[in-house]
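A.B. asks: Okay, structure incoming, though there's no sequence with it:
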């Protein structure tokens, strides 16, 4: 059976199923933003944006954008009934103070000890930019990473130790990739689910850190 | 009589000195006080340190100020954004200094300055490149780094409604850094879309109390930030 890696939307759909009812969630830029489209409709989830919004809704209809109502990626958004507006310092008190239940983030690299690297490659020719990534990494009660399992050239992004500069040390709880769902445990990386058709040895071969396969592992369904 | 209204944009930025640290509100293009920045460009102060979340976009407002060559340094969380061409050119040419600060730390450092706190320990950036060289402490089993207060000589912010005492309300996510910056500067200058009679803002709705504000100027139809 040929391996069927998950598409971006399938990763988002798989993560959406794990978002608990009643959670306060911060969605990072890019792939994590898609997850809002796939949270089961019987769950009430409150989306936080670090520029001062709780209760962020979907993108507005064309022509109804308000330049003063944007998300952390500077895209126009809407508010849901029950939304709140506040200033930056409070927005980061929510993050750093552990009030945000879950941050979904993209990553360049994740290490077996939960280290997260998603802000810089160490390439000095570009000016660095960090935004709220370090605050989210250090502050959110749980951090789940969504990313491709490897870089475009096949280089592993899951490593024993990150080679890129860290965003936060030891903070990642779960990794959802196009190939697997992996839990970061005190004993290292535990594979909970694998993409259809994927053998464990092949997954290990595309990973730069030692994996263990959970006894009750399953094929990812989306 | 307490009246913080000034007659013109020129009056609102009068007296800003060379070498000043200027806090500028805004996140992306939301909440950027375009007219106050234009007035500062006109006013002519140079050797400035700018504190803002982003390093400008397009060729207007913050980017325009930097393009005049009067910004020595920018303190910023996310300088590299869509359209941040002026900053990138200056940075590549070694003509501007960058102090990169995590966004929540940037905001909290200004809050500390405004609240009379001599700094704070935070887990943000602990064990990372941006935490290097900083004093550290283990608190509840977790590594924290010390962050110093960040004070401005001046803050330039944009509000929705103001009264002559300087009480302010804001519009949606254009609020962002403005309430914190208003606290953190010696001279806080506000451009408000509407200046209303004292008492017209419901006390329960005041977001920034006037004690944090020094000058108010009405700009009824503000321009959009980040234009080409």
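C.D. replies: Received the coordinates, thanks. Because the structure is predicted, anything quoted here is derived from the model rather than measured.

A.B. asks: The closest residue to residue A:219 other than its chain neighbours: neighbouring residues, count only.
C.D. replies: Excluding the flanking residues, the one nearest residue A:219 by Cβ to Cβ, 6 or more residues apart in numbering or on different chains is residue A:196, at 5.4 Å. Glycine gets a C-beta too; all of them are placed from N, C-alpha and C. Residue A:196: 14 surrounding residues under other Cβ atoms under 10 Å in any protein chain shown.

A.B. asks: what's residue A:196 in contact with, if anything?
C.D. replies: Contacts for residue A:196 (Cβ atoms under 8 Å, 6 or more residues apart in numbering or on different chains) come out as A:1, A:3-4, A:219-220.

A.B. asks: Of these - the most surrounded one?
C.D. replies: Busiest of the contacts of residue A:196 [other Cβ under 10 Å] is residue A:220, holding 22 neighbours.

A.B. asks: secondary structure element for the residue nearest to that residue when sequence neighbours are not counted?
C.D. replies: Once flanking residues are discounted, residue A:220 sits nearest to residue A:193: 4.5 Å by Cβ to Cβ, 6+ apart. Under the criterion of DSSP states H and E, residue A:193 resides in strand A:188-194.

A.B. asks: residues in contact with that strand?
C.D. replies: For strand A:188-194, using Cβ under 8 Å, 6+ apart, the contacting residues are A:112, A:158, A:175, A:179-184, A:200, A:203, A:207, A:209-214, A:217-220.

A.B. asks: Among those residues, name the ones in strands.
C.D. replies: Here DSSP state E is the test, and these give A:158, A:175, A:180-184, A:211-214, A:217-219 as lying in strands.

A.B. asks: Quick check: the farthest pair among the residues you listed?
C.D. replies: Checked with Cβ to Cβ, the ones in strands among the contacts of strand A:188-194 reach their widest spread between A:184 and A:219, with 21.0 Å between them.

A.B. asks: And the contacts of strand A:188-194, which of them are buried?
C.D. replies: Buried members of the contacts of strand A:188-194, scored by 16 or more other Cβ atoms under 10 Å in any protein chain shown, are A:112, A:158, A:175, A:179-184, A:203, A:207, A:209, A:211-212, A:220.

A.B. asks: buried set for the strand holding residue A:193?
C.D. replies: Applying 16+ other Cβ under 10 Å to strand A:188-194 flags A:189-194 as buried.

A.B. asks: right, and out of those residues, which lies closest to chain B?
C.D. replies: residue A:189 (19.9 Å; Cβ to the nearest Cβ).

A.B. asks: what about that closest one, distance to residue A:110?
C.D. replies: To residue A:110, residue A:189 is 9 Å away according to Cβ to Cβ, to the nearest Å.

A.B. asks: repeat for residue A:35
C.D. replies: Relative to residue A:110, and taking Cβ to Cβ, residue A:35 is found at 17 Å.

A.B. asks: Then residue A:3?
C.D. replies: Separation of residue A:3 from residue A:110 (Cβ to Cβ) stands at 21 Å.

A.B. asks: what do you get for residue B:47?
C.D. replies: Taken as Cβ to Cβ, the span from residue B:47 to residue A:110 is 43 Å.

A.B. asks: Stretch B:5-21 - what's its average pLDDT?
C.D. replies: What stretch B:5-21 shows for mean pLDDT is 98.

A.B. asks: which residues are in contact with it?
C.D. replies: B:22, B:35-36, B:38-40, B:42-43, B:45-49, B:51, B:72, B:151-154, B:156, B:164, B:187, B:189, B:191, B:195, B:215-219.
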